[in-house]
Every structure is written in C-alpha cells, then in structure tokens.
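1. Quick one, fold the following:
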Amino acid sequence: MYDETLILDKEIKDSFQVKKLTQSVFGEADVISVTYNRVLIIHEGKGTLIIDDNEFDIEGSEVFVISKGQVFSFSYQTKWSGFEISFGDCFWEKAPSSASNCKLLLFNDAALHQRLSLKEKDFYELNAICEILLKESISNDYPNKLDAMAAYLKILMIKLANAAPAFQESLDDFDNQIYRRFLELVNKQYNQMHDVSYYADQLMVTPRKLSEISKKKSGKGAKEIIAGQVIAESKRQLQFSAKTIKEIAYQLSFSTPEQFSHFFKKQTNTSPLDYRKIFVNIGR
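-> Numbering: from 1, shown residues only. As a prediction, the model looks like this:
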C-alpha cells in the first residue's frame with residue numbers, strides 16, 4: 001500500500017536514460033508516477049517493488065516492465081543490483097519500426113507481463129546489451145549517437161518480448177497480430193470504450209473470437225483486459241488525485257457515478273470511497 005507523496009518523473013535528456021545500480025539501498029521513497037517507460041533488469045536483490053497496488057518480492061535474475069501512467073515505489077530498505085532503463089516515445093521513434101510490435105506487447109498493458117523471469121542464457125545476453133547501452137550513453141556525442149542507442153534498445157525489446165508468453169509463437173501469426181492490435185486499441189481508448197464488441201468491430205473479428213485470442217495469449221479474456229485497464233486507472237485517480245468520484249466516473253466514460261461504483265466494487269470487492277479511505281496522503 002502507498003502512503004507516500006506522489007511525484008512525477010524528472011525530465012531526462014533526449015528522453016533516454018540508462019543507470020547501473022550496485023547494491024543500491026532504498027529508504028523511505030516517494031511514489032513515482034511514470035512519464036517514461038521503464039525496464040528494471042535486476043541481477044540480485046532483496047525487498048519489494050510495488051507497482052500500482054501490486055507487490056512483487058524481488059528475487060533476482062528477473063525483469064520488471066513499468067509503463068508510463070503506472071506508479072511504483074520500493075519498500076523500505078529494498079536493495080538491488082542491475083540496470084534501470086527509461087525511455088520516452090520521442091526516443092523510441094528513433095528505433096527501427098520493426099521493433100514496434102515488441103514495444104506494443106510489453107508496454108500497452110504492462111500488467112500482463114509486469115515481471116519476466118528469464119533463463120540464465122537470456123539474462124546474460126540482456127546484461128551485455130545494457131553494458132553497451134551504458135557505455136554509449138556516457139560516451140562523447142557523435143553524429144547519430146541517439147540512433148545507435150535506439151538500435152540497441154530495439155534489440156533489448158526483442159529479447160524481452162520473446163520472453164513474454166504471447167511471443168512463444170511466430171510474430172506473424174494472425175492471432176498475435178490481432179492480440180497486439182487489441183492491446184494497442186485498449187491502451188488508447190479504455191477511458192472511452194469498455195465494450196468488447198467495439199474492439200472486435202475495429203479488428204474485424206467477432207467478440208467471441210477476440211476473447212478466445214486474448215485468453216490464449218494472456219490467460220485473460222478480452223473483457224478482463226479492458227476492465228483491468230479501467231480499474232488500474234481508477235485506482236490511480238482515487239489514490240493520487242483530488243478528483244471527486246463523480247469526476248473520475250465521467251472521465252472514464254461511465255454514465256453515472258453509481259454505474260462506476262458498481263463496476264469498481266464488482267472488480268475489487270470494495271467501493272471507490274472505501275478504497276480511497278485506505279490511503280492517508282493524496283498527492284497531486
């Protein structure tokens with residue numbers, strides 16, 4: 001549970017940053033509202049990473065994917081070693097377009113692949129790429145330096161995407177294409193459209209087919225994925241904004257505050273008001 005003050009990501013030069021951490025210990029930290037997508041490649045560590053309201057015990061030899069819009073913090077005295085890579089969309093645009101599918105899969109609904117446990121071979125390959133990225137980022141500027149770093153980031157995304165469950169089959173598989181496009185649409189329109197049938201129409205498949213594909217790729221039906229996005233944003237607004245429940249309901253395209261409250265309680269077993277009361281500080 002969060003009871004700290006919410007702060008926004010600090011601006012980073014060129015919308016890209018790579019940091020190497022060695023036995024870094026986190027004290028009482030503020031909760032970060034993510035402006036830049038993040039990849040945490042953790043070699044070893046002990047403690048807890050809290051993303052939105054989900055807690056993950058840090059074990060090592062793992063990767064955490066945090067998408068912009070999410071919030072995260074570390075529990076007191078968490079300690080870990082590894083790499084932290086942050087990048088914004090304007091930096092990603094420099095990456096070759098062939099890597100876009102990988103980014104879409106990983107970050108359009110990061111909650112589906114928030115934590116990736118990697119095989120030893122894959123982990124060492126990722127570590128080598130991170131070392132190169134770090135070396136490039138601290139080197140003197142030269143023509144097309146950012147393009148070179150974006151190319152290495154592309155390789156990193158491809159390696160990560162192949163570790164995600166939905167990439168166990170061919171990238172050109174029809175179901176994978178539909179699934180990736182579905183995640184992209186939900187990521188952009190979940191605050192306006194909640195119906196599976198709307199997304200199915202956009203993708204020119206039946207609602208049943210879309211749900212079957214979604215279940216196959218993620219273990220969750222299409223309705224669950226849409227609801228998951230809406231609930232995640234609802235919780236962030238209730239926890240970290242001073243907006244009224246009525247304002248949040250209309251922002252998320254519910255017809256009435258009562259409809260929103262019913263939906264929220266059905267998904268979380270608590271009312272929006274009771275959920276908000278859990279948290280002492282509401283940051284801005």
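2. how much space is there between the closest residue to Ser218 other than its chain neighbours and Lys159?
-> In space, Ser218 comes closest to Leu112 once its chain neighbours are excluded; the distance is 5.1 Å by CB to CB, 6 or more residues apart in numbering. Any C-beta I mention is one placed from the backbone N, CA and C, and that applies to glycine too. Distance from Leu112 to Lys159, counting by CB to CB, to the nearest Å: 18 Å.
3. Repeat that for Ile32.
-> Applying CB to CB to Ile32 and Lys159 gives a distance of 25 Å.
4. Surely the residue nearest to Ser218 touches Lys220?
-> Yes - if you go by CB atoms under 8 Å, Leu112 and Lys220 touch, sitting 7.3 Å apart.
5. Neighbour count: these two, which is higher?
-> Per other CB atoms under 10 Å, whichever of Leu112 and Lys220 has more neighbours is Leu112, with 20 against 17.
6. so how far is the host helix or strand of Leu21 from its chain's centroid?
-> Element membership for Leu21, per DSSP states H and E: strand 16-26. Centroid separation for strand 16-26 versus its chain: 19 Å, with CA atoms, centre = their mean, to the nearest Å.
7. got the buried residues for whichever helix or strand comes after that strand?
-> Tracing the chain C-terminally past strand 16-26 and defining elements by DSSP H and E, one meets strand 31-33 next. The neighbour-count check on strand 31-33 (16 or more other CB atoms under 10 Å) flags 31-33 as buried.
8. how far out from the middle of the chain is strand 31-33?
-> Using CA atoms, centre = their mean, the offset of strand 31-33 from its chain centre is 13 Å.
9. Ok, stretch 150-168 next?
-> Counting by CA atoms, centre = their mean, stretch 150-168 comes out at 14 Å from the chain centroid.
10. For that stretch, which residues meet the burial criterion?
-> Quick answer for stretch 150-168 (16+ other CB under 10 Å): 150-161, 163-164, 166-167.
11. Of these, which belong to helices?
-> 150-161, 163 (DSSP state H).
12. Out of those, the closest to Ala200 would be?
-> Ala200 lies nearest to Ala161 out of those, by CB to CB, at 24.4 Å.
13. Quick check: the gap between that closest one and Leu153.
-> 12 Å.
14. do His194 as well
-> Distance from His194 to Leu153, by CB to CB: 33 Å.
15. And for Phe254?
-> 38 Å.
16. So what's the residue count around Asp9?
-> 14.
17. hmm, I was thinking of Glu84
-> 19.
18. my read: it touches Phe16, true?
-> No - using CB under 8 Å as the test, Glu84 is too far from Phe16 to be in contact (11.9 Å).
19. Between those two, which contacts overlap?
-> Residues touching both Glu84 and Phe16 by CB atoms under 8 Å, 6 or more residues apart in numbering: none at all.
20. Per-residue pLDDT of the residue nearest to Ser218, please?
-> On pLDDT, Leu112 comes in at 72.
21. what's the spacing between it and Ile158?
-> 18 Å.
22. again, but for Ala227
-> 30 Å.
23. so where do the helices sit in this structure?
-> Under DSSP H, the chain gives helices at 89-92, 100-107, 120-138, 145-163, 174-189, 196-203, 207-218, 222-240, 245-251, 257-268, 272-277.
24. which stretch in these has the least confidence?
-> helix 100-107 (a mean of 75).
25. distance between it and the chain's centre?
-> 10 Å.
26. Tell me which other helices or strands that helix touches.
-> On a contact count with 3 or more CB pairs under 8 Å, 6 or more residues apart in numbering; DSSP states H and E, helix 100-107 meets helix 145-163, helix 174-189.
27. Need the contact partners of the first one.
-> It refers to helix 145-163. 14, 16, 39, 63, 65, 85, 87, 91-92, 94-96, 98-99, 101-103, 105-106, 116, 118, 122, 125-126, 129-130, 132-133, 136-137, 139, 167.
28. Find out how far that helix is from the centre of the chain, if you would.
-> With CA atoms, centre = their mean, you get 17 Å for helix 145-163.
29. now could you export just the CA positions of it as CSV?
-> Only the C-alpha atoms of helix 145-163 are listed here, as CSV (Å, rounded to 0.1, in the frame of the first residue of the first chain):
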residue,chain,number,x,y,z
LYS,A,145,24.6,8.6,-31.4
LEU,A,146,21.0,8.6,-30.4
ASP,A,147,20.1,6.4,-33.4
ALA,A,148,22.8,3.9,-32.3
MET,A,149,21.4,3.7,-28.8
ALA,A,150,17.8,3.4,-30.2
ALA,A,151,19.0,0.4,-32.2
TYR,A,152,20.4,-1.3,-29.1
LEU,A,153,17.2,-0.6,-27.3
LYS,A,154,15.4,-2.3,-30.2
ILE,A,155,17.5,-5.4,-29.6
LEU,A,156,16.7,-5.3,-25.9
MET,A,157,12.9,-5.0,-26.6
ILE,A,158,13.0,-8.0,-29.0
LYS,A,159,14.8,-10.1,-26.4
LEU,A,160,12.3,-9.1,-23.7
ALA,A,161,9.3,-9.7,-25.9
ASN,A,162,10.5,-13.2,-26.8
ALA,A,163,10.4,-13.9,-23.0
